[in-house]
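**Q** Need coordinates for the below:
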Amino acid sequence: MKKFRVLLTGSSGRLGSVIREDLADIWDILPVSRTGVPGRIKCNFLFRKERENLLKEDFDIVVNAAAVSSPSSCAENPVNCWILNTMLPLMLSEYCRSKGLPLVHFSTDLVYSGGNPPYSESSTAVPVSFYGWTKLIADVLLQRAYFRTLIIRTSVLYGDTPSEKTTFSQDLLSGKINTVYVDSWRNHTPIHWLAGILPGLVSTGESGLVIASGRYAQSRSAFAEALLERHGKSTDHLVHAYAPYGIPSKLYLNGRYHTSSVNL
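**A** Model prediction:
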């Protein structure tokens, strides 16, 4: 059986790097990164000419995992955030529509305010950060622009990743993160599970907006304690605190796709 040739943006990021490694036997992946390290196509998405040259490659599917995913980074550099989180997916959508190719785009639970959980695909989204707005605007415009677009909203990703950008769980286990919020609830999502469901979603022609996340919502503090205990590490160093202004509190998700169990 012929493998799908997949253009993967954000291939050096947390999720992109897992997709690149985990699905290499299933898809013929064309990995794209800003630096263009050996084995990847170089493309700095901030430059229009480089974005246009990228689309000269031969592929069957586009999976867009590129984003500025830190709310603080988006606030510090809103122009780059807007280009990567909103303009890039729209450009990819326009090209895929012209060629009749499917597009998979990743979004976030931070499009919701956290004030009226649980959230499903039909819930009203009102972000509380500029990052959330850039993602929400892209989601809305993509749904209107091209019917073969699959938008996957997910929550905090955890698990090992080969990327230089570590996940929340890796930072907890390494001691990089010590302060955990007792009032910020998220559906922490296994990163390898999320990558693993992609071929099935593509093969069945899934499109539109779906939520794919961990089944259960946990506070950041409860998740941190469970993770450290599962790995035989002490929790004495954890500092429990309330989330600062601008971080949604109760982001319980009740979407179409979720894990069947919790695997720390």
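**Q** Residue most distant from the centroid, the chain?
**A** In the chain, the residue that sits farthest from the middle, by C-alpha atoms, centre = their mean, is residue 236; the gap is 30.7 Å.
**Q** So that residue: helix, strand or coil?
**A** coil (DSSP: H, G, I helix; E, B strand; the rest coil).
**Q** Please give me every residue in contact with it.
**A** Residues near residue 236 by C-beta atoms under 8 Å, 6 or more residues apart in numbering: none. From N, CA and C alone the C-beta is placed, and that goes for glycine too.
**Q** Distance of it relative to residue 175?
**A** Distance of residue 236 to residue 175, given as C-beta to C-beta, to the nearest Å: 12 Å.
**Q** what's the answer for residue 15, then?
**A** Taking C-beta to C-beta, one finds residue 15 at 23 Å from residue 175.
**Q** Which one of these two is surrounded by more residues?
**A** The residue with more neighbours, out of residue 15 and residue 175, is residue 15; 28 against 10, by other C-beta atoms under 10 Å.
**Q** Give the full set of residues in contact with the more buried one.
**A** 65, 106, 157, 161, 191, 194, 195.
**Q** can you list contacts of stretch 137-152?
**A** 85-86, 89-90, 93-94, 96-97, 100-107, 111, 125, 153, 194, 201-202, 206-212.
**Q** Kindly state the pLDDT recorded for residue 261?
**A** Each residue has a pLDDT score; the one for residue 261 is 65.
**Q** repeat for residue 229
**A** On the pLDDT scale, residue 229 gets 96.
**Q** quick one: secondary structure of it?
**A** Per three-state DSSP, residue 229 ends up helix.
**Q** tally of neighbours for the residue lying closest to it once chain neighbours are set aside?
**A** The spatial neighbour of residue 229 that comes closest, neighbours along the chain excluded (C-beta to C-beta, 6 or more residues apart in numbering), is residue 235 at 6.6 Å. Residues near residue 235, counting by other C-beta under 10 Å, number 15.
**Q** Report the secondary structure state of residue 141.
**A** helix.
**Q** quick one: it from residue 79, how far?
**A** 18 Å.
**Q** The two: which is more packed in?
**A** residue 141 (15 against 8).
**Q** quick one: least confident helix or strand in the protein?
**A** helix 48-54 (a mean of 82; mean pLDDT, DSSP states H and E).
**Q** from the chain's centre, how far out does that helix sit?
**A** Remark: helix 48-54 is offset 23 Å from the chain centroid, using C-alpha atoms, centre = their mean, to the nearest Å.
**Q** cool, and stretch 219-234?
**A** Its chain's average C-alpha position is 23 Å from that of stretch 219-234, according to C-alpha atoms, centre = their mean.
**Q** Flag every buried residue along it.
**A** Buried residues in stretch 219-234, counted by 16 or more other C-beta atoms under 10 Å: 219, 220, 221, 223, 224, 225, 227, 228.
**Q** and of those, the nearest to residue 46?
**A** residue 220 (31.7 Å; C-beta to C-beta).
**Q** And residue 202, its phi and psi?
**A** Per-residue torsions, residue 202: phi -70, psi -40 (degrees, to the nearest 10).
**Q** ok, it - contacts?
**A** 4, 61, 102, 104, 150.
**Q** ok, now residue 44?
**A** 34, 50.
**Q** would residue 106 count as being in a strand?
**A** Yes - assessed with three-state DSSP, residue 106 lies in a strand.
**Q** is it true that it touches residue 155?
**A** No - Residue 106 is beyond contact range of residue 155, at 11.5 Å (criterion: C-beta atoms under 8 Å).
**Q** Look at these two and report which has more neighbours.
**A** residue 106 (26 against 23).
**Q** residue contacts, the residue nearest to residue 229?
**A** Residues near residue 235 by C-beta under 8 Å, 6+ apart: 224, 225, 228, 229.
**Q** Residue 245: which of the residues you listed is nearest?
**A** For the contacts of residue 235, the nearest to residue 245 is residue 224 (21.3 Å; C-beta to C-beta).
**Q** what about the most centrally placed residue in the chain, distance to residue 149?
**A** Closest residue to the average C-alpha location of the chain: residue 106 at 4.8 Å, with C-alpha atoms, centre = their mean. For residue 106, the distance to residue 149 equals 12 Å [C-beta to C-beta].
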